[in-house]
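Provided below are the primary sequence and the corresponding predicted coordinates.
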Amino acid sequence: MTTMSPIRGGILHLPTSQEGRYSQSLERGLAILRAFTPERPWMGIAEIAEHLEMSRPTTHRYASTLVALNYLEQGRGRKYRLGMRAGDPGRSAVASTAIRKIPPELLRELRDASGHTASLAVLDGSHIVYVDRARSARQGRSEVAARLGRGSRLPSASTALGKALLAELAEPERRAALTSGDGLSGRQLARAIEELDQVHRRGIAVADQLRVKGQVCVAAAVRSRSALPVAAVDIAIANTDYSDRETRERLGSLVRESAARMSAELGFSAQS
């Protein structure tokens, strides 16, 4: 069965068995998201409606829903742009595909070389999700990380893994992640963005006792062939063991090297 889509340029080829299963509402919502491009980052309701040949009331209803779900953001002049969650499906798809190519022994090698628990995580909106952990026998009784495992979630802004990933995002995505949930004041947001700029320049992120008392985490981003940050790797160490400069430099080097090796497995080349 072939039918005309209500969205401009869309001709649907639906098998008879699919009748009644196709959602035009979902198609319209996705079409609105696809309408935004690098050349057309901001649009008003009238522009979106004209571009997609939809009525303004219908367009406004869908846009309002997408704003409520953080797939769109509304700025000044009643214009809209893609929101934080708009990139999540693509980023998650790339990340889930990429991390399967990372040999699990690389995380264990980082644990053995450092003597401390090593973890791998991906970004999911304003949180990180642990995808693998190589636990150290000396992780310690006070380590909350003992309760963390695959699938565990933590706010990205308060973890080294999250900071390493947020530091590689575009400014709008950074701000959206930092202001979600409880949010930050203007001054706090400015400091957080400045810290992420420093993380980007250094290549590593450090979280000192942010999630676990007495623990420091050091993390670096893992990149795909296209240089997209798809994951982050870190080491968790007691802050008493992280006190001297030589240890800090050694662990920072180990994390960078591990992230570079994982990135190389995904086809990333720092020379390209």
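In hand now; what should we look at? As the structure is a computational prediction, the values presented were derived from the model and not from experiment. Numbers count the residues shown, from 1 in each chain.

hang on, residue 73 packs against residue 63?
No. Counting by CB atoms under 8 Å, no contact exists between residue 73 and residue 63, whose distance comes to 10.6 Å. To be clear about C-beta, it is placed using only N, CA and C from the backbone, and glycine gets the same treatment.

When the two are compared, which one has more neighbours?
residue 63 (21 against 18; other CB atoms under 10 Å).

returning to what we had before: find the residues that touch each one of residue 73 and residue 63.
When contacts are counted by CB atoms under 8 Å, 6 or more residues apart in numbering, residue 73 and residue 63 are jointly contacted by residue 80.

In the protein, mark out all the helices, start to finish.
24-35, 45-52, 56-68, 88-99, 105-114, 160-166, 171-179, 186-202, 245-265 (DSSP state H).

Would you pull up how far the second one lies from the middle of the chain?
By that I understand helix 45-52. 30 Å (CA atoms, centre = their mean, to the nearest Å).

can I get the helices of the chain in a markdown table with mean pLDDT and distance to residue 153?
Shown next, in a markdown table, are those (pLDDT from 0 to 100; distance: least, CB to CB, whole Å):
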| stretch | mean pLDDT | distance to residue 153 |
| --- | --- | --- |
| helix 24-35 | 88 | 25 |
| helix 45-52 | 93 | 33 |
| helix 56-68 | 92 | 22 |
| helix 88-99 | 58 | 13 |
| helix 105-114 | 95 | 19 |
| helix 160-166 | 95 | 10 |
| helix 171-179 | 80 | 13 |
| helix 186-202 | 90 | 20 |
| helix 245-265 | 93 | 21 |
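
For residue 174, give me its contacts.
166, 167, 193, 196.

Can you tell me which of the helices of the chain is most buried?
Comparing the helices of the chain by mean neighbour count (mean count of other CB atoms under 10 Å), helix 160-166 comes out on top with a mean of 29.

returning to what we had before: could you dump the helices of the chain to JSON lines with distance to residue 127?
Putting the helices of the chain into JSON lines (distance: least, CB to CB, whole Å) gives the following:
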{"stretch": "helix 24-35", "distance to residue 127": "21"}
{"stretch": "helix 45-52", "distance to residue 127": "30"}
{"stretch": "helix 56-68", "distance to residue 127": "19"}
{"stretch": "helix 88-99", "distance to residue 127": "11"}
{"stretch": "helix 105-114", "distance to residue 127": "20"}
{"stretch": "helix 160-166", "distance to residue 127": "8"}
{"stretch": "helix 171-179", "distance to residue 127": "9"}
{"stretch": "helix 186-202", "distance to residue 127": "16"}
{"stretch": "helix 245-265", "distance to residue 127": "20"}
